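Provided below are the primary sequence and the corresponding predicted coordinates.
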Amino acid sequence: MPHIVKSTILKAPTDAVWNVLRDFNGHDRWHPAVATSTIERAQASDKIGCVRRFKLKDGSELREQLLALSDLEQTFSYCLLDTPIPMFNYVAHVRLLPVTDGDRTFWHWESRFTTRPEDAKRLTEMVSEQIYQAGFEAIRHHLSEAA
Amino acid sequence: MARVYVSTVVNARNDRVWARVRDFNGLPNWHPAIAESRIEGGEPADKIGCVRDFRLRNGDRIREKLLGLSDYDMFCTYSILESPMGVENYVATLRLTPVTDGDQTFMEWTAEFDCAPEREADLVGNIGGSVFQGGFDALKRAFGG
């Protein structure tokens, strides 16, 4: 089962980063891969179990469900329901931790999924780089513009 | 219950940092406040339950027991058995997590303990400052930032 772990340090306090990340319907405002995002059935984006529907810049669509969200721990987890690529049982966890030495943020993003053996390497690289690493860079940019 | 949380980023891969801090008998090798350390009963320093007896540069003596050590998750948990600090039920954990974006290491050092209410602020400040952050600063210097 492929396991992806990516992490970075952001030069902003966790509250500022969490303020952006906690909106499960807000990824179209900062992630370069996401064109539009809506929450199905007009549910609140912090209601556990809500489903977001993404349209990606390449035109493909995917649906993801919010499994857990904690303002105390500054974490959330979600799974993939529908996607045009052969990824199954995808569950991801996002976690922010304070770097007290300098009031920065440690951002940890990890996931596991199943796929066909011949697709494992390609999909792992795609998620690691185009989704997670690109997301890190996008938030870095987003926060520096907001500041 | 009082709680201390201190974290930093060290400019080296986590396996290099772990090699430096995993030795439960090795505080004098990297922490500037510690003068000498030994493990009681001649036990190995990575035997869970072993006790380290160490002396600070200011002369204080502390005995601590190893409660948990994981080379896989890179953490070390220990409790204080005896110290002049006036703390009870003191349990601390030092944890390393890789920063994949740049080969750095995120380090957390946490402690929970009971103490007299009027001493809590001083103890939290001292443990978080000179003990935990003092150790982090030494590691950052050792690894160049």
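Received, thanks.

residues touching the residue lying farthest from the centre of chain A, list them.
Distance to the chain centre peaks in chain A at residue A:101, reaching 25.5 Å (criterion: CA atoms, centre = their mean). Residues near residue A:101 by CB atoms under 8 Å, 6 or more residues apart in numbering or on different chains: B:6-9, B:133, B:136. Every C-beta, even on glycine, is put in place using the N, C-alpha and C of the backbone.

can you rerun that using 7 Å?
Applying CB atoms under 7 Å, 6 or more residues apart in numbering or on different chains, we find residue A:101 in contact with B:7-8, B:133, B:136.

Show me which pair in those residues is furthest apart.
Taking every pair in the contacts of residue A:101 and measuring CB to CB, the maximum separation is 9.6 Å, between B:7 and B:133.

who has more neighbours, those two?
Counted by other CB atoms under 10 Å in any protein chain shown, residue B:7 and residue B:133 do not tie: residue B:7 has more neighbours, with 22 against 18.

which regions of chain B lie under the pLDDT threshold?
Low-confidence segments of chain B (pLDDT under 70): B:145.

element containing the residue nearest the centre of it?
For chain B, the residue nearest the mean C-alpha position is residue B:94 (5.6 Å; CA atoms, centre = their mean). Counting by DSSP states H and E, the element that carries residue B:94 is strand B:88-99.

tell me which residues in the lowest-mean-pLDDT helix or strand in chain A are buried?
None of the helices or strands of chain A scores lower by mean pLDDT, DSSP states H and E than helix A:134-146, at a mean of 92. By neighbour count on 16 or more other CB atoms under 10 Å in any protein chain shown, the buried set for helix A:134-146 is A:135-136, A:138-140, A:143.

with the residues you listed in mind, which one is nearest to chain B?
Set against chain B, the nearest of the buried residues of helix A:134-146 by CB to the nearest CB is residue A:136 (6.1 Å).

my read is residue B:66 is in a strand, agree?
Yes: the assignment for residue B:66 is a strand, going by DSSP: H, G, I helix; E, B strand; the rest coil.
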